[in-house]
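S.K.: when you get a sec, could you give me coordinates for this:
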Amino acid sequence: MEKGYAGQLQLNSVAANASCAARRGAAAGARLRRFLRDDEGAGTLLTLYVFMFMLVMAGLGIDTMRQEMERARLQATLDAAVLAGAGAPMGTDAPAIKAIVEDYFDKTGMAQYLHEINTDGEGADIVTSLNATRVYAEASMDIKTYLMKMSGVDTLGAFGAAAAEVRTPKLEVSMVLDVSGSMRGTKLANLQSAAKNFVTTILNGSDPGNTVISVIPFAWTVTPGENIYTALNVNETHDYSTCLRFSASDYNVTGIDPNTPYDQQIFTALYGNFDDLDKAWRSCYPETRAQILPFSMSESALHAHIDALDADGNTSAHIGMKWGAAMLDPDFKDVFDTLKTGGVVDASLSELPAAYNEPESLKIIVLMADGQNTTSYYFDDNSPYRGPNSDLYLMKYQQMEFKYAYRKRRKGGLQYSYDEGKCSNSNWTCIYEATGAEVSAYFLRNGNQYYNVEERTWIDDSRYDAIKASTGFISETQLSWEQAWGLMSPRYYSQVTGNWDAWNDYSGSQYENGSTKDQRMQAICAATKARDVIVYTIGYAISSGGNAETQLRNCASSANHYYPTNGSNISAAFNSIASNVQSLRLTQ
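M.R.: The predicted structure follows:
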């Protein structure tokens with residue numbers, strides 16, 4: 001009975017609990033139905049859903065922002081590392097460059113993210129050559145997420161890649177500098193200071209042997225100098241100077257081919273006395289200071305040559321540009337080789353001028369002028385005052401003293417006499433002895449008259465013939481006109497002889513005026529730029545908008561490659577060009 005009663009009690013308790021739970025469930029259901037029927041309850045549920053969505057999106061934004069920040073840091077480290085590697089001194093080997101890149105990552109605490117850098121074989125990440133270095137690197141990392149884990153994304157990846165190339169091309173520079181008479185004084189001094197600073201900046205910005213600079217002074221013409229001149233094929237007519245005469249078609253091409261014959265420029269002056277030609281009007285300046293300094297990488301030699309520049313003569317920028325272009329043209333390679341063999345240029349240099357399509361070579365011309373082109377004078381090609389048999393004679397003789405005479409073919413022994421009168425007798429031979437040095441005298445002929453240049457006296461042809469027949473006579477040479485003009489100006493000849501045809505021929509026949517020079521200047525500038533040579537021009541204290549500025553601006557590679565200066569700021573122009581050139585040498 002007791003056991004049955006206890007069981008009954010247990011069943012009653014279970015039933016009571018079940019009844020209580022049912023009542024609670026029914027009450028909760030009623031409350032839920034009331035909540036759902038209430039508008040405010042529905043709005044709260046929507047808010048809950050929106051909150052959950054925003055939480056997921058915020059997690060996505062925060063984690064992706066962290067991903068981007070780490071990717072940017074990874075990329076910045078890559079960029080800095082490959083730039084440092086590529087910027088290592090030329091000649092650094094690939095393993096050393098690899099160590100530079102790895103060091104960058106190590107110092108930033110990101111070494112574990114850098115991928116292996118391949119330094120060998122085809123497809124290597126680091127490639128070096130004589131004048132260029134290219135570095136490529138990759139890096140990656142995994143970033144643990146914060147809130148995106150709620151969406152099942154535990155990590156995000158970040159990847160970066162960077163390449164840098166530093167190419168230091170061999171640089172060939174022609175400095176074409178105006179040294180005409182208008183450059184005298186302060187202007188020349190300012191130019192010399194600016195040009196020397198330019199040389200120093202350019203040379204210091206490159207490894208030894210990677211830069212050569214040629215200095216080409218121009219005035220009435222350009223003087224190449226004996227070493228360059230003898231390496232060319234020249235129709236030589238005198239030995240006074242080394243200037244060349246170019247035809248109009250020569251300005252359509254950049255080169256001066258040593259296998260092509262060129263005419264030698266007549267050396268003379270518009271004004272001047274005998275053997276005293278006025279320096280400001282000479283057709284060529286043979287002095288060392290006026291000559292081209294070719295292919296130099298010596299700062300001291302370049303500075304010394306620039307310091308020695310002097311200012312004389314008219315302006316011929318077209319000839320300056322012609323020679324400036326020629327010094328960069330591959331046609332000049334044989335000339336360069338001759339200069340190298342002769343010890344004129346440094347023996348360590350080679351392969352100059354480089355081919356125009358050589359990717360590791362950069363060619364630059366800097367042309368400076370302080371005014372427009374002015375007139376130069378020439379004898380007509382068919383002039384009677386060209387070629388052999390001029391009116392100028394060189395006679396050589398010695399003063400002689402009579403010693404004795406002896407009778408010819410005398411039987412029984414020689415018969416001597418100290419009577420100089422016997423000399424007129426064909427049976428006697430007279431012995432003379434020189435009492436002085438050999439004498440040279442120039443005579444300028446006009447008809448049957450001869451003008452003794454030194455004594456400034458005229459003698460007739462009979463007296464002239466008597467000198468030739470005298471005992472002390474050594475030789476007579478009739479000079480060519482080209483030889484004669486190297487000793488006298490056309491004006492001097494005309495003043496002495498009264499014949500002004502030579503003067504008229506020289507001053508009014510085949511002269512080149514400013515307009516002709518401008519046309520030829522633009523032709524050589526166009527030919528040079530067509531070869532991808534970069535041309536900078538500087539107008540030194542010239543009128544804005546004038547013809548000189550127009551010619552210089554048109555010659556430059558672009559309007560931005562022309563630099564006007566007011567004089568004292570010419571250094572700023574050269575410095576700007578030097579900076580521009582340095583920038584061109586770096587590609588990343």
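
S.K.: drop to CA atoms for contacts and neighbour counts, all remaining ones
M.R.: Fine.

S.K.: domain assignment for the protein?
M.R.: The record assigns the chain these domain ranges, following automatic domain parsing: 44-167, 170-376+512-584.

S.K.: give me the below-cutoff pLDDT ranges for the chain.
M.R.: 1-61, 63, 90-91, 130-131, 147, 150, 167-168, 409-414, 585-588 (pLDDT under 70).

S.K.: wouldn't Pro388 be in contact with Ser480 here?
M.R.: Yes. Contact criterion CA atoms under 8 Å: Pro388 and Ser480 qualify, at 4.1 Å.

S.K.: list the contacts of the spatially closest residue to Asp391 that is not a sequence neighbour.
M.R.: Of all residues not flanking Asp391 in the chain, Arg445 sits nearest, at 5.2 Å (CA to CA, 6 or more residues apart in numbering). By CA atoms under 8 Å, 6 or more residues apart in numbering, Arg445 lies in contact with Asp391, Leu392, Tyr393, Tyr451, Thr497.

S.K.: now flag whichever of these is closest to Thr155.
M.R.: Leu392 (101.0 Å; CA to CA).

S.K.: which strand or helix spans the closest residue to that closest one other than its chain neighbours?
M.R.: Leaving out its chain neighbours, the residue that sits closest to Leu392 by CA to CA, 6+ apart is Leu444, at 4.6 Å. Here Leu444, judged by DSSP states H and E, is contained in strand 439-446.

S.K.: what helices or strands is the next helix or strand after that strand leaning on?
M.R.: Per DSSP H and E, the first helix or strand lying C-terminal to strand 439-446 is strand 449-452. For strand 449-452, the elements it packs on are strand 439-446, strand 457-460, helix 461-469, judged by 3 or more CA pairs under 8 Å, 6 or more residues apart in numbering; DSSP states H and E.

S.K.: and with 6 Å instead?
M.R.: Packing partners of strand 449-452 (3 or more CA pairs under 6 Å, 6 or more residues apart in numbering; DSSP states H and E): strand 439-446, strand 457-460.

S.K.: so which of those strands is the most packed in?
M.R.: Neighbour counts (mean count of other CA atoms under 10 Å) averaged over each of the helices and strands packed on strand 449-452 peak at strand 439-446, with a mean of 18.

S.K.: quick check: neighbours of that strand in the sheet, parallel or antiparallel?
M.R.: Paired strands of strand 439-446, with direction, are strand 392-397 (antiparallel), strand 449-452 (antiparallel) (DSSP bridges).

S.K.: spit out the contact partners of Asn504.
M.R.: Applying CA atoms under 6 Å, 6 or more residues apart in numbering to Asn504 gives no contacts.

S.K.: measure it to Asp278 for me?
M.R.: 18 Å (CA to CA, to the nearest Å).

S.K.: and for Met175?
M.R.: 27 Å.

S.K.: out of those two, which sits in the more crowded spot?
M.R.: Taking other CA atoms under 10 Å, Met175 and Asp278 do not tie; Met175 has more neighbours (24 against 15).

S.K.: who does that one bridge with?
M.R.: Val215, Val366.

S.K.: thinking it is in contact with Met368, fair?
M.R.: No. Taking contacts as CA atoms under 6 Å, Met175 lies outside contact range of Met368: 8.1 Å.

S.K.: ok so, going back, any idea which of the contacts of Arg445 is closest to Val101?
M.R.: Looking across the contacts of Arg445 and measuring by CA to CA, the closest to Val101 is Leu392, at 77.9 Å.

S.K.: what about the closest one, how many neighbours?
M.R.: Neighbour tally, Leu392, other CA under 10 Å: 25.

S.K.: so which of Pro388 and Ser480 has more stuff around it?
M.R.: With neighbours defined as other CA under 10 Å, Pro388 and Ser480 compare such that Ser480 has more, 19 against 15.

S.K.: ok, now how distant is the more buried one from Asp465?
M.R.: 21 Å.

S.K.: next: Ala158.
M.R.: Applying CA to CA to Ala158 and Asp465 gives a distance of 105 Å.

S.K.: just Ala72 next, same as before
M.R.: Ala72 is 100 Å from Asp465, by CA to CA.

S.K.: single out the most deeply packed of the domains of the chain.
M.R.: Of the domains of the chain, domain 170-376+512-584 is the most buried (mean count of other CA under 10 Å), at a mean of 20.

S.K.: who are the contact partners of Asp280?
M.R.: To be clear, residue 280 is Ala; Asp isn't right here. Per CA under 6 Å, 6+ apart, neighbours of Ala280: Asp312, Gly313.
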